[in-house]
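# quick one: sequence and predicted model below, then my questions.
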2 protein chains.
Amino acid sequence: MLAPDRRLPIYLRIQDALAAEIAAGKWRPGEAIPAEEALAKRFGAAVGTARKAIEGLVAQGRLERHQGRGTFVRRADFGNMLFRFFRHTGADGAPLRPTAKLLARRKSKADAATARRLALPVGTATIELFRLRLIEGAPMLAEEIVVPHRRFAPLLALAKDAFGDLLYPLYETACGQIVVQAREHLRFGQAPPHIAKALCLPPKAPVAIVERTVFAVDGQPLEFRVSYGAAERFSYTIDIK
Amino acid sequence: MLAPDRRLPIYLRIQDALAAEIAAGKWRPGEAIPAEEALAKRFGAAVGTARKAIEGLVAQGRLERHQGRGTFVRRADFGNMLFRFFRHTGADGAPLRPTAKLLARRKSKADAATARRLALPVGTATIELFRLRLIEGAPMLAEEIVVPHRRFAPLLALAKDAFGDLLYPLYETACGQIVVQAREHLRFGQAPPHIAKALCLPPKAPVAIVERTVFAVDGQPLEFRVSYGAAERFSYTIDIK
DNA sequence: ATCCTTTAGTCTTATAGAGGACTTGGGGGA
DNA sequence: TCCCCCAAGTCCTCTATAAGACTAAAGGAT
């Protein structure tokens, strides 16, 4: 149960054991792990030692503690993803939730660029999605999405209207793929013709382009997507450390 | 000797007392502070409590511990300071290494907007900087920076060419202000005339605008800056969780 | 002179226990 | 029904003790 390397301090071995169990999904994100005392008993250590192990995982951002409530597996907070911050507040200033419409879906093979981004061999089977996100019926964001066929085969079987507004919950329920990390890259450019058309923008309109790669618990890339939105409406806030 | 607020936990009061002594220069950077046991005795607390206070200061980056040697006041190490708060990247996503040139510096008073952003009363003395950041000699970003005069008075006395490429290390060495957090706000807009001129862009050229507020350990705003960069060349990367 | 051993000082890890603070949920009173 | 209060569960603070690990410096052996 504990890491076998006896040279390591007990608290580190407990920490590794817990990290492995978290990664294995023993507790789902948002769920509480056992209390300090229970953990200590289970690992045959003092409470203070278990506590120190937990503190390490909290510092790593894998756990969250709340006094009086418990210690919880941290869920990735995608609340501050770039694409969410295209300005889409209603008249009252409250943020609006975009709806999504799947325009196209097809099987494909990874070209060199895609293969690199998804860490796959060139030519690996993939699934491509083209999606539109709308605010109050008005197109706001166009998204080109590609995922490896191996992990996401159920997406092809699904009815088109079974795709809801949010994709990541679908990944989890339909394909068992949990998104835990993301990297986004922002730049400004001109809209390609098919994007401009989908967004009802004039050709070559200035757009914000967000390229995103998301990763699974094992660190493997799960999805690569490029999102386009009108540059004037882009607005994003981020807290650093 | 201890902070007088008895509502705070002892370890926090010890931590504050030590932080104040460090800031006052009681020990020089690189010098060791007293041993855990000595500190505990001095503050009339248990060793474990003094230890927790020290851990807090280590986490803040003010102290450095070395097993068997002692606990030392951290010498400023700015090795990767650049990348901690600098998220502008090249087209390939790799971080850039800009140089900086200070174009203007002047004393000023906070208007309403500035006062709000720096959490100061309107009319408080401030220092404004206008700075250009260059890649291989080409202007890439223009920055308007404003800091409270109270904390940053030494900046006015400094020779203009004493401002290096990085401002935050200077804040730390010249003014004793440590930056620990930042908030950035991104949007897209048109370059004001003086910005366009500084960046060698046509008037009203499309630019990316980054508004940043940085905060000290005590959570107070230290600096507000607005950075402008040509939209076509702008590139920004972010990792989520 | 160089290398090894010893020793003191320091941080690190581990244990145990007591009381405090916070959150939640349920029972009782209005 | 609604609100207040209490109890249980949980993490937080603090204390006390002991042995291990690391570093630097002093002293001795080669």
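Ah, there it is.

# residues from chain A in reach of chain B?
By Cβ under 8 Å from any Cβ of the partner chain, the residues of chain A that approach chain B are A:61, A:74, A:76-78, A:80-82, A:180-189, A:206, A:208, A:231-232, A:234-241. All C-beta spots, glycine's among them, are computed from the backbone N, C-alpha and C.

# among those, name the ones in strands.
A:181-189, A:206, A:208, A:235-240 (DSSP state E).

# quick one: contacts for the residue nearest the centre of chain A?
Compute the mean C-alpha point of chain A, and by Cα atoms, centre = their mean the closest residue is A:Val179, 4.0 Å away. Counting by Cβ atoms under 8 Å, 6 or more residues apart in numbering or on different chains, A:Val179 makes contact with A:76, A:78, A:168, A:171-172, A:214-216, A:222-223.

# try 6 Å this time
By Cβ atoms under 6 Å, 6 or more residues apart in numbering or on different chains, the residues touching A:Val179 are A:168, A:214.

# quick one: low-confidence parts of chain A?
A:1-4, A:77-96 (pLDDT under 70).

# in it, which spans are strands?
According to DSSP E, the strands that chain A contains are A:32-33, A:63-66, A:70-73, A:99-109, A:125-135, A:138-148, A:181-190, A:206-215, A:221-230, A:235-240.

# adding mean neighbour count and distance to DNA strand D, write those strands out as CSV.
Output for the strands of chain A, formatted as CSV (neighbours: other Cβ atoms under 10 Å in any protein chain shown; distance: least, Cβ to the nearest atom of the strand, whole Å):
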stretch, mean neighbour count, distance to DNA strand D
strand A:32-33, 17, 7
strand A:63-66, 16, 4
strand A:70-73, 18, 4
strand A:99-109, 14, 34
strand A:125-135, 18, 36
strand A:138-148, 21, 36
strand A:181-190, 19, 25
strand A:206-215, 22, 28
strand A:221-230, 22, 30
strand A:235-240, 16, 21
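
# give me the beta-bridge partners of the nearest residue to A:Phe234 once chain neighbours are set aside?
Leaving aside its sequence neighbours, A:Phe234 sits nearest to A:Ala208 (Cβ to Cβ, 6 or more residues apart in numbering or on different chains; 4.1 Å). Counting by DSSP bridges, A:Ala208 is bridged to A:Phe188, A:Gly229.

# distance of A:Ala208 from DNA strand C?
Look at A:Ala208 and DNA strand C: by Cβ to the nearest atom of the strand, to the nearest Å, they are 38 Å apart.

# how much space separates A:Gly61 from DNA strand C?
Taking Cβ to the nearest atom of the strand, one finds A:Gly61 at 20 Å from DNA strand C.

# just to revisit the earlier point, contacting residues for the residue nearest to A:Phe234?
A:188, A:229, A:231, A:234.

# which two among those are spaced furthest apart?
Within the contacts of A:Ala208, A:Phe188 and A:Gly229 form the most distant pair, 10.6 Å apart (Cβ to Cβ).

# how about the residues of chain A near DNA strand C?
By Cβ under 7 Å from any atom of the strand, the residues of chain A that approach DNA strand C are A:9-12, A:44-49, A:52, A:66-69.

# between the residues you listed, which is nearest B:Ala91?
For the residues of chain A next to DNA strand C, the nearest to B:Ala91 is A:Leu12 (41.0 Å; Cβ to Cβ).

# burial measure for the closest one, as a count.
Using other Cβ atoms under 10 Å in any protein chain shown, A:Leu12 is surrounded by 16 other residues.

# what separates it from DNA strand D, distance-wise?
In terms of Cβ to the nearest atom of the strand, A:Leu12 sits 13 Å off from DNA strand D.

# which part of chain A gets nearest to DNA strand C, residue-wise?
Nearest residue of chain A to DNA strand C: A:Gly68, at 2.1 Å (Cβ to the nearest atom of the strand).

# what's around that residue, how many residues?
Counted by other Cβ under 10 Å, the residues lying close to A:Gly68 total 4.

# quick one, what contacts it?
A:Gly68 touches nothing, counting by Cβ under 6 Å, 6+ apart.

# phi and psi next, for it.
With angles defined as degrees, to the nearest 10, A:Gly68 sits at phi 80, psi -10.

# quick check, nearest of the contacts of A:Ala208 to A:Lys107?
Scanning the contacts of A:Ala208 for proximity to A:Lys107, where the rule is Cβ to Cβ, the winner is A:Gly229, at 27.1 Å.

# hmm, A:Asp165 and A:Ala100 touching each other?
Yes - judged on Cβ atoms under 6 Å, A:Ala100 makes contact with A:Asp165 at a distance of 4.6 Å.

# from A:Leu18, how far out is the closest residue to A:Glu21 other than its chain neighbours?
Excluding the flanking residues, the one nearest A:Glu21 by Cβ to Cβ, 6+ apart is A:Trp27, at 7.4 Å. As for A:Trp27, its distance to A:Leu18 is 10 Å (criterion: Cβ to Cβ, to the nearest Å).

# who's more crowded, the two?
A:Leu18 (25 against 17).

# that one and A:Gly68, how far apart?
Remark: distance between A:Leu18 and A:Gly68 (Cβ to Cβ) = 21 Å.

# and stretch A:100-110, how far out from the chain's middle?
19 Å (Cα atoms, centre = their mean, to the nearest Å).
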